[in-house]
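1. give me coordinates for this.
(one chain, ligands or ions: 2)
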Amino acid sequence: SVDPYMRSFSKFHMKEGDVMIGGQVAKVIQSKNPAFPVGSHVVSDSGWRTHTLSDGTGLVPVLPEWPKDVSLSLALGAIGMPGLTAVYGIEEVLGLQKGETLLVNAAAGAVGSVVGQIAKIKGCKVVGSAGSDAKVAYLKELGFDEVFNYKTVGSLEEALRKASPEGYDCFFENVGGPSSDVVLQQMRKFGRIAVCGSISTYNDSEPQTGPYPYFTMIIKELKMEGFLQSRWEHKHHETLKRLLAWVKEGKLQCREHVTKGFENMPAAFMGMLQGENIGKAVVAV
Ligand SMILES: NC(=O)C1=CN([C@@H]2O[C@H](COP(=O)(O)OP(=O)(O)OC[C@H]3O[C@@H](n4cnc5c(N)ncnc54)[C@H](OP(=O)(O)O)[C@@H]3O)[C@@H](O)[C@H]2O)C=CC1
Ligand SMILES: CCCCC/C=C\CC(=O)/C=C/C=C/C=C/[C@@H](O)CCCC(=O)O
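-> Numbering: from 1, shown residues only. Ligands and ions are numbered 1, 2, ... in the order given. Take a look at the predicted model:
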């Protein structure tokens, strides 16, 4: 898997020569541990490696009911960490209610595409922004109500107002930076903001400054909460089962941007950060 958090984590906690962190779906090829028989598959936080020696600690078996016709790589995407992030952001942080209007940015990516689809399952109006016309077309196929290409709209403020003149009850924030200031102005009274990611800032060497949100938050009585999906680790198993059920029922569609070859992991990683992916960016080794 290549994911945005690797950029922010590595910037602060890694040095040249370290093995890059990251998740993978791995096949057990030798075992002395009956909990992990040869031929079984696990999700493993082993970093960018082709082979790993493990005593089993931290290995998570892929759900036993995983259907043969569902790609195992989805355990790194819609039925994995990004899918869990979408569910917890919507249910635990936003408390999204039927009939509300939700905005999600980086909407065509691993997390955003699941967020929008779950919000539709819950009977909400969904507005998405993404960085290419191909992504906009994909999100319309997924059933998003309003979608725009933030790179070509000219005015983000106008695009947001056109998509939802009555404003936004919930904002699933993946991008951060100056665009957040614009969205804040169009939140409805008592709006909720789930701060999931801030990808536009992960490459910064100096922190960005901007208008401070406090006055708008007071006047509109907004609630803003940052979160990490790991807070609800105790719910992961049940939540993965719900995500798998949605996929099997055809309610949750999943697209992947697959790069072939372990040696191409750095290119896949940089490509994802630059927006090359529609759906989850993965590498097939
Ligand atoms: N809190 C948590 O527990 C978790 C948080 N996250 C966060 O969720 C967000 C999405 O992650 P994920 O779905 O894996 O990644 P994506 O699959 O969405 O890939 C990243 C996307 O970000 C967009 N992007 C990159 N730079 C910018 C920019 N400057 N402005 C706007 N958009 C940009 C690009 O899409 P485009 O073409 O639309 O610009 C790119 O495709 C990230 O911020 C990530 O850190 C992810 C997992 C867990
Ligand atoms: C842990 C890194 C914290 C960096 C925070 C930056 C942005 C938010 C974000 O993107 C957080 C992501 C957290 C991901 C955690 C992943 C691990 O639990 C390993 C997942 C293995 C897998 O792919 O399943």
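2. residues contacting Asp133?
-> Asp133 sits next to Asn149, Thr152 when contact means CB atoms under 8 Å, 6 or more residues apart in numbering. Every C-beta, even on glycine, is put in place using the N, C-alpha and C of the backbone.
3. state the distance from it to ligand 1.
-> Distance, Asp133 to ligand 1, by CB to the nearest ligand atom, to the nearest Å: 11 Å.
4. going forward, count from 35.
-> Got it, first residue is 35 now, which makes that one Asp167.
5. in this structure, what residue lies closest to ligand 2?
-> At 2.1 Å from ligand 2, Gly57 is the closest residue in the chain, using CB to the nearest ligand atom.
6. ok, for that residue, nearest residue in space, not its chain neighbours?
-> Spatially, and ignoring its direct neighbours in sequence, Gly57 is nearest to Ser35 (4.6 Å; CB to CB, 6 or more residues apart in numbering).
7. and that neighbour, how far from Val292?
-> 12 Å (CB to CB, to the nearest Å).
8. give me the common contacts of these two.
-> Val316, Val317.
9. of the two, who's got more company?
-> It is Ser35, of Ser35 and Val292, that has more neighbours when counted by other CB atoms under 10 Å, with 26 against 15.
10. who are the contact partners of the more buried one?
-> Gly56, Gly57, Gln58, Leu110, Gly114, Met115, Lys314, Ala315, Val316, Val317.
11. need the phi and psi values for the closest residue to ligand 1 within the stretch 35-184 of the chain.
-> Nearest residue of the stretch 35-184 of the chain to ligand 1: Gly143, at 1.8 Å (CB to the nearest ligand atom). When read as degrees, to the nearest 10, the backbone of Gly143 gives phi -90, psi -170.
12. ok, now Arg226?
-> Backbone geometry at Arg226, expressed as degrees, to the nearest 10, gives phi -120, psi 140.
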